[in-house]
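>>> the sequence and its predicted three-dimensional model are supplied below.
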Amino acid sequence: MSDHTEDLSPNEDKSVSRRTFLQQAGTATAAGLAVAPAVWAGAGNKADTLRVGLIGCGSRGSGAAVNAMQADPNTQLVALADVFADKLKASADRIKKTIGNQYAVDPSQEFVGFDACEKLLKTDVDVVLLTTPPHFRPAHLKQAIAAGKHVFAEKPVAVDAPGVRSVMETCRLARQKRLSIMSGLMLRYSKAMQETVSRIHDGQLGKIVTLQTNYNINGLWSHPRKPEWSEMEWQLRNWYYFSWLSGGQLVEQHVHGLDLMSWVMQNEYPVQCFGLGGRQSRTDPLYGHIFDHHAICYEYSGGQRCFAFCRQQDGTDIDTSQLVFGEKGTADLNRNTLSGAETWRYSRARGRNRNGTQDLPYVQEHAALFNSIRTDTPLCNGEYAAKSSLMAIMGRMASYTGKNVTWDEAWNSKEDLTPKEYTFGPLSVAPVAQPGKTRFY
């Protein structure tokens, strides 16, 4: 892993200039849809068919596989991999009911176990969808690029700083090998969001002063431990509630909102943050050791502040708003509206009619990925996915320790959440963090 200074800066993304990213993202998405008829016309030619493998057969993986097939009818799902055979079978049953003839997985192409990813990568797939619990993303991404595969990598792309540094290194290798990496931060591929952010970048709000991103929802799923499960198996099946697997809510879920704020800030990242958090509602061991709420204040070099709030507590009000406050007005990103000196609202009817498709970012991100492969114009948005993941990790560090954390400290953190070995046996649960007592590494 590398700590080159070009990766260290929170305010620099050498892969895509701040001013041109939105135009490129919009062009890639529109192009992916616009060229589709010409590509699909060759559906009978096997050479034109992209072969896709799914690594991680949970509900998000199943959804990603369906979205990928919806994005391009001239693709086939040909291989599956998961650590658990029952998860793989359940996913296969769900997917094949939805995508019909695009499901082409032979039983010999179903791989189970901790080495399932490695086995799938030895097949002749063109593209892999990485949708395991986030802990495995850096290693799987590195293996996939080394094997010469194009990649869809679900968010977040890491749960700790060593993982982020690994992803940045892998992105450099992908560019050298002309391979595409598409992140699962799909809101950047929403037509409505693209036009809203474009107007902010064009100055309709004036100078940005404050940002606020909320992800306040009720509780999620959980899996009580069965007697026959080892500690490792239970944590893998109940993965959301362990930092080493998910990163916690701030990293696994709220990364969407933090990435939106970063996009609005033209891929500028905060220089430091402080935060509060705790574990009030989900105190049972069923919920591992992660916090159930966070409040983080991110500070930028230009004086702007981003206030990020998230919680997962049953019985509470739900609020997933994303707001941007400028000198001339306010933007509501969820409603795709601007108010103040100028008012504007995105027309969703227009969005549905554009290119004859709905505004479906879960599908459009795959369309852009496949188009980049077919036109030999590789795209890699793994860098901003890595930095937005680090922004979330940085907030968790501040919340868990009660300390102010700078971007440089987060980037250089030695905290590695990887277990000593991947075996079905004992695995201790880290203690619940105590701000003021939990150390920063």
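That came through fine.
>>> break this structure into its domains for me.
For the chain, automatic domain parsing gives the domain ranges 5-188+360-381, 190-351+388-411.
>>> weakest of these by average pLDDT?
Among the domains of the chain, domain 5-188+360-381 has the lowest mean pLDDT, at a mean of 85.
>>> the stretch 251-400 of the chain: strands as residue ranges?
For the stretch 251-400 of the chain, the strands defined by DSSP state E, counting those that start in this stretch cover 272-278, 293-299, 305-312, 322-326, 329-332, 337-340, 344-345.
>>> Serialize the ones you listed to CSV and add fields for distance to residue 89.
(Each C-beta comes from the backbone N, C-alpha and C, glycine too.) Putting the strands of the stretch 251-400 of the chain into CSV (distance: least, Cβ to Cβ, whole Å) gives the following:
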stretch, distance to residue 89
strand 272-278, 38
strand 293-299, 36
strand 305-312, 29
strand 322-326, 38
strand 329-332, 43
strand 337-340, 45
strand 344-345, 46
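>>> just put those in JSON lines and tack on distance to residue 415 and mean neighbour count.
Below are those laid out as JSON lines (distance: least, Cβ to Cβ, whole Å; neighbours: other Cβ atoms under 10 Å):
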{"stretch": "strand 272-278", "distance to residue 415": "16", "mean neighbour count": "20"}
{"stretch": "strand 293-299", "distance to residue 415": "17", "mean neighbour count": "22"}
{"stretch": "strand 305-312", "distance to residue 415": "20", "mean neighbour count": "21"}
{"stretch": "strand 322-326", "distance to residue 415": "29", "mean neighbour count": "21"}
{"stretch": "strand 329-332", "distance to residue 415": "35", "mean neighbour count": "18"}
{"stretch": "strand 337-340", "distance to residue 415": "40", "mean neighbour count": "18"}
{"stretch": "strand 344-345", "distance to residue 415": "43", "mean neighbour count": "14"}
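>>> figure out which of those is closest to residue 79.
strand 305-312 (33.6 Å; Cβ to Cβ).
>>> residue 433 falls within a strand, correct?
No - applying DSSP: H, G, I helix; E, B strand; the rest coil, one finds residue 433 to be coil, outside a strand.
>>> how about the nearest residue to it once chain neighbours are set aside, what does it touch?
With sequence-adjacent residues excluded and distances taken as Cβ to Cβ, 6 or more residues apart in numbering, residue 433 is closest to residue 400, at 3.7 Å. If you count contacts by Cβ atoms under 8 Å, 6 or more residues apart in numbering, residue 400 has them with 277, 291, 433, 435, 438.
>>> swap in 10 Å and give it another go.
With contacts taken as Cβ atoms under 10 Å, 6 or more residues apart in numbering, residue 400 has the following neighbours: 243, 248, 250, 275, 277, 290-291, 294, 432-435, 437-440.
>>> also residue 285?
Residue 285 touches 224-225, 241, 429, counting by Cβ under 10 Å, 6+ apart.
>>> report the buried members of these.
Buried members of the contacts of residue 285, counted by 16 or more other Cβ atoms under 10 Å: residue 241.
>>> helix, strand, or coil at residue 69?
The local conformation at residue 69, judged by three-state DSSP, is helix.
>>> send me stretch 360-378 as CSV with only the CA atoms.
Only the C-alpha atoms of stretch 360-378 are listed here, as CSV (Å, rounded to 0.1, in the frame of the first residue of the first chain):
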residue,chain,number,x,y,z
LEU,A,360,-32.9,4.8,-12.4
PRO,A,361,-29.4,5.4,-11.0
TYR,A,362,-29.1,1.8,-9.8
VAL,A,363,-29.4,0.8,-13.5
GLN,A,364,-27.7,3.8,-15.1
GLU,A,365,-24.4,3.2,-13.2
HIS,A,366,-24.2,-0.3,-14.8
ALA,A,367,-25.1,1.1,-18.2
ALA,A,368,-22.2,3.5,-17.9
LEU,A,369,-19.8,0.7,-16.8
PHE,A,370,-20.8,-1.6,-19.7
ASN,A,371,-20.6,1.3,-22.2
SER,A,372,-17.0,2.1,-21.0
ILE,A,373,-16.1,-1.6,-21.7
ARG,A,374,-17.8,-1.8,-25.2
THR,A,375,-16.3,1.5,-26.3
ASP,A,376,-12.8,0.9,-24.8
THR,A,377,-13.0,4.1,-22.8
PRO,A,378,-12.2,2.9,-19.3
